[in-house]
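Participant: Just to be clear, the model below is a prediction. Sequence and coordinates:
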Amino acid sequence: MNKSVPERVKALQALMAEKGMDTYVVLSSDAHQSEYVAEYWRARAYISGFTGSAGTVVVTKDKAACWVDGRYFLQGETQLAGTGVTLMKMGEPGVPTWDDWALAETPANGTIGIDGRTIGFSQAQMLKAKMKEKDLKLSCQEDLVGMIWEGRPSLPDAPIWDFPASYAGESRKEKIGRVREHLEKKKADYYLVASLESSAWLLNFRGDDIHDTPVAYAFTLVGLDNCDLFIEPVKVTEEMKNALAEDGVTVRGYGDLLAYMAQIEAKKPEGKKIRIDLDLRFINQLLVESIPTSWDMVKEETDAVIMMKAVKNQTEQENVRKAHVKDGAVMVQLLKYIKDHAADDLTECDYADWLDAKRRSQENALGISFETIAGYGPNGAIVHYKPERPECATIKPEGFLLVDSGAQYMEGTTDITRTIACGPLTDEMKEAYTLVLKGHLQLGHAIFKEGITGTNLDVLARKPLWDKGLDYKHGTGHGVGFVLSVHEGPQNISFGLNRIKLVPGMIISDEPGFYPTGKFGVRIENLVMVMPHTENEWGKFFRLEAITYCPYEREAIVKEMLTPEETHWVDEYHRTVYEKVAPLLDEEHRAFLAEITRPL
């Protein structure tokens, strides 16, 4: 029998009492601190009913609350209604953080429980430091939600597959060599890779363990003379195992990492001190506790492999542009399909399904890169709205349909948002769209000096809205992987402090928005690549190259609100879109594209 959310919470509270825990925290992550996780790890969604990609649930003896960020305020209100789980809107006045609330609700000398696999070591250390004020204990040994979760999905067992160097631009031998150079610089013996994307990138494989993100559950341990991949053996075909072995990679069981480290410790020369390099943000608490106590941990501010894969090589850059051209052709077809059928009583789900199918039919397509967001009217104001039958809205020949979507191709990962006019628009809609477009253009055409971070650039996208006393409650840009996760760091564009300098080869999104609750949503997103601009006596300067090729919504643009320079930028972008995408279209769609990309 499938229990209701109140029944699940009550069962968890009973088990907490049995285990001597006063408070239990349920995070959204897995054993690798991933943003998107396999169904097995969706404990927070199970216990609360809130299905957004991020959030935290805290359960006490008689209360339950769920923290969500600004992207999910409206979704949280809908999904938590009637569950007895209180919605906590992160960052809003008077709303405590989940850890402050948990500490306040836990009696002195009490115990806070958490599945130690789902909390990163750094986060756990910060929590422990706060807990000292009340002499609280942190118990990380047991997964209580898993104990009450009837019918919990099993861990994935799909096989991994080789990702050719012709797409990756670098062999796994070369990448492992770069890691060993890093070890020598750090005077370390081993490098432990916990991030799923990092293992896949480093060893040039991809998997199917997480929906829309081609990774597999694995750890990688790189030594000065050896490299070991810890993954369920059933996931590695004999052919793949041999290919890895040829490059010096040994396959071991997913659960064998702890025993293998103990074996290294037991066999080390007398007096030898093992040094292991790792990023404590991606290593879970239980794993760190299991590293031999005699080992020295080289604590990195930023994971070296994550930095390596963030900077796309020349082959990756060339391939990802190809991916965006074919994706642009799909998007142009979507624009025409929406405008041709806006009066045909199709739903958000119908359009999302049409788009997903069209992408999957493209050459070298691997699937979509995340679940398509198609929000019509007020639903567009829900930042990460997910249309679901039968509740999804029917489109009318008026107003905005916001579509945020992307694909995985062998040539790269795409992510694009377009806000589409389904018919007549109000003046308020047009003004909002144009303000967002102005910020999008200003950021997309930024020229900046070497050493600048995304934090420095964020204001460019927000200023047109700020000038009107308006804003949006999400970051302006996120990094994007190469046939990996659509959200990858370490770079981003946000007013939150980020110390990662933007360098050529990094891909990042440019996606300001505006979301008046209950009315409509506007978001415009291109992916941009950091490129060299000029170098002179004043230093090196970089620029952003738009690698997304899809027209803006000209019916929503108030030209009088644009400066002459901004108007020129739109026209030049549209000219580029037509030149790149038109050759992939039939005559009917080429004519449509020519019409919507004509000069403003």
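Facilitator: That came through fine.
Participant: Please give the element, helix or strand, for the residue lying closest to V236 once chain neighbours are set aside.
Facilitator: If the residues on either side of it in the chain are set aside, V236 comes closest to V251, at 5.2 Å by CB to CB, 6 or more residues apart in numbering. C-beta coordinates here come from the backbone N, C-alpha and C atoms, glycine included. Element membership for V251, per DSSP states H and E: strand 249-252.
Participant: contacting residues around that strand?
Facilitator: Outside strand 249-252, the residues that touch it by CB atoms under 8 Å, 6 or more residues apart in numbering are 172, 176, 203, 226-231, 233, 236, 241, 244-245, 260.
Participant: Pairing partners for it, with directions?
Facilitator: strand 227-230 (parallel) (DSSP bridges).
Participant: Least confident secondary structure element in the protein?
Facilitator: strand 296-299 (a mean of 85; mean pLDDT, DSSP states H and E).
Participant: Quick check: buried residues in it?
Facilitator: 297-298 (16 or more other CB atoms under 10 Å).
Participant: what number of residues lie near the residue nearest to V236?
Facilitator: Neighbour count of V251, defined by other CB atoms under 10 Å: 18.
Participant: returning to that earlier point: farthest-separated two in the contacts of strand 249-252?
Facilitator: Maximum pairwise distance among the contacts of strand 249-252 (CB to CB): 20.8 Å, between I176 and P233.
Participant: next helix or strand past the longest helix seen in the chain?
Facilitator: Looking across the chain with DSSP state H, the single longest helix is helix 314-341. Once helix 314-341 ends, the next helix or strand along the chain (criterion: DSSP H and E) is helix 348-360.
Participant: Which residues in that next one does the neighbour count mark as buried?
Facilitator: Within helix 348-360, the residues that count as buried by 16+ other CB under 10 Å are 348-356, 358-359.
Participant: Nearest the geometric middle of the protein, what residue?
Facilitator: Against the mean C-alpha coordinate of the chain, by CA atoms, centre = their mean, the closest residue is H487 at 2.7 Å.
Participant: ok so, going back, I176 and P233: which has the busier surroundings?
Facilitator: Under the criterion of other CB under 10 Å, the comparison of I176 against P233 puts I176 first, with 21 against 11.
Participant: CA atoms only for stretch 295-315, dumped as CSV, please.
Facilitator: In CSV, the C-alpha atoms belonging to stretch 295-315 read as follows (Å, rounded to 0.1, in the frame of the first residue of the first chain):
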residue,chain,number,x,y,z
TRP,A,295,46.4,9.5,6.0
ASP,A,296,46.9,13.2,5.3
MET,A,297,44.0,14.8,3.3
VAL,A,298,45.0,17.5,0.8
LYS,A,299,41.9,19.6,1.0
GLU,A,300,41.2,21.4,-2.3
GLU,A,301,39.2,24.6,-2.5
THR,A,302,38.2,23.5,-6.0
ASP,A,303,38.4,20.0,-7.4
ALA,A,304,41.2,19.8,-9.9
VAL,A,305,39.3,17.5,-12.3
ILE,A,306,36.2,19.7,-12.1
MET,A,307,38.4,22.6,-13.2
MET,A,308,39.9,20.6,-16.0
LYS,A,309,36.5,19.6,-17.5
ALA,A,310,35.1,23.1,-17.0
VAL,A,311,37.5,24.4,-19.7
LYS,A,312,36.4,22.9,-23.0
ASN,A,313,39.2,21.9,-25.3
GLN,A,314,39.2,22.8,-29.0
THR,A,315,37.5,19.6,-30.1
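Participant: Of all the residues in that stretch, which ones are buried?
Facilitator: By neighbour count with 16+ other CB under 10 Å, stretch 295-315 contains the buried residues 295, 297-298, 300, 303-310, 312.
Participant: Confidence-wise, which of those residues comes last?
Facilitator: Least confident of the buried residues of stretch 295-315 in the model: E300, at 70.
Participant: Quick check: the gap between that one and T476.
Facilitator: Distance of E300 to T476, given as CB to CB, to the nearest Å: 26 Å.
Participant: Then S294?
Facilitator: Distance of S294 to T476, given as CB to CB: 45 Å.
Participant: Looking at the two, which has the bigger crowd around it?
Facilitator: With neighbours defined as other CB under 10 Å, S294 and T476 compare such that T476 has more, 26 against 10.
Participant: pLDDT score assigned to the more buried one?
Facilitator: pLDDT, the model's per-residue confidence, is 97 for T476.
Participant: what's around A31, how many residues?
Facilitator: For A31, the neighbour count with other CB under 10 Å is 21.
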